[in-house]
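Enquirer: sequence below, structure please.
(chains A and B)
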Amino acid sequence: MGRKIVVTESQLKKLIEKINEEAAGYDDFYIMNQHGGKSMALLVDTLNDLVQVFKGISAMLNSDNIEYVDLRENLMAAVDLITEINDVMRIVFKDFTDKDVIKSGEIMHRKLESYQEKIRMMVNMGEELLSKENLLNKLESMTENVGNSMAEYAIKLRGADKTFKRRLTKGRDQRNPDFN
Amino acid sequence: MKKEETKPRNRKNLSKKLKLIKKNTELIQKYIDELKK
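Expert: Predicted structure coming up:
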């Protein structure tokens, strides 16, 4: 029988936190390598798609002579793309292990949904009720707000990636890379 | 519904907000490039 070790509750909590943090939520090197790697790649891809959408919106905000009709068309296309991106992210979050990424991602997710809803409402009002200038002004404030939460999310994703990479490097160096 | 008045865009605020949007976009793109390595 193994030697008994007595630890306090707080010591045990700290130990579990440390293990979770170091293993990025996985206790097996190969599963982390496969599952974590795929999830991370999907989250990076969706963030990349999202940034491309926002680059397009930013270009419209920067444009002095965009037609209302084009603005409307592009915004509705952006809303549809955001829905697709959000759907993929939601699926990955269900099975992801980094709590900070999930929390920050869910905040961004809610902000994106609100952003989409406001865009739909503004576009549906039509130019008669909401002029192009006013639409662009409102869109600018809304985009700035969502951009901040996207940056927060990107920082968390970067942090999680560093943890994964650190553990993968450690695992590769071991003959039996079991985290337990 | 009453039509909103069309006001000229406030160029000072506009450029400030746009700068922030672009700054965030560039920052995120930088992180994505790092993550893809």
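
Enquirer: for residue A:86, which residues are in contact?
Expert: Residue A:86 sits next to A:109, A:112-113 when contact means C-beta atoms under 8 Å, 6 or more residues apart in numbering or on different chains. Every C-beta, even on glycine, is put in place using the N, C-alpha and C of the backbone.

Enquirer: rerun that using 7 Å as the cut-off
Expert: Residue A:86 is in contact with A:109, A:112, counting by C-beta atoms under 7 Å, 6 or more residues apart in numbering or on different chains.

Enquirer: now it: how far from chain B?
Expert: Distance from residue A:86 to chain B, counting by C-beta to the nearest C-beta, to the nearest Å: 16 Å.

Enquirer: helix or strand for that residue, which one?
Expert: Assessed by DSSP states H and E, residue A:86 sits inside helix A:68-94.

Enquirer: the following helix or strand past that helix near chain B anywhere?
Expert: The helix or strand immediately downstream of helix A:68-94 is helix A:99-129, counting by DSSP H and E. Yes - for helix A:99-129, a contact with chain B is found by C-beta under 7 Å from any C-beta of the partner chain, at A:128-129.

Enquirer: any buried residues in helix A:99-129, and which?
Expert: Within helix A:99-129, the residues that count as buried by 16 or more other C-beta atoms under 10 Å in any protein chain shown are A:100-102, A:104-105, A:108-109, A:111-112, A:115-116, A:119, A:122-123, A:125.

Enquirer: roughly how far is the helix holding residue A:86 from the heart of the chain?
Expert: Mean-position distance between helix A:68-94 and its chain equals 14 Å (C-alpha atoms, centre = their mean, to the nearest Å).

Enquirer: need the contact list for residue A:111.
Expert: With contacts defined as C-beta under 7 Å, 6+ apart, residue A:111 is in contact with A:145-146, A:149.

Enquirer: mind doing that once more with 6 Å?
Expert: Neighbour list for residue A:111: A:146, A:149 [criterion: C-beta atoms under 6 Å, 6 or more residues apart in numbering or on different chains].

Enquirer: could you measure from it over to residue A:125?
Expert: With distances taken as C-beta to C-beta, to the nearest Å, residue A:111 is found 21 Å from residue A:125.

Enquirer: closest to chain B out of the buried residues of helix A:99-129?
Expert: Using C-beta to the nearest C-beta, residue A:125 comes nearest to chain B of the buried residues of helix A:99-129, at 7.6 Å.
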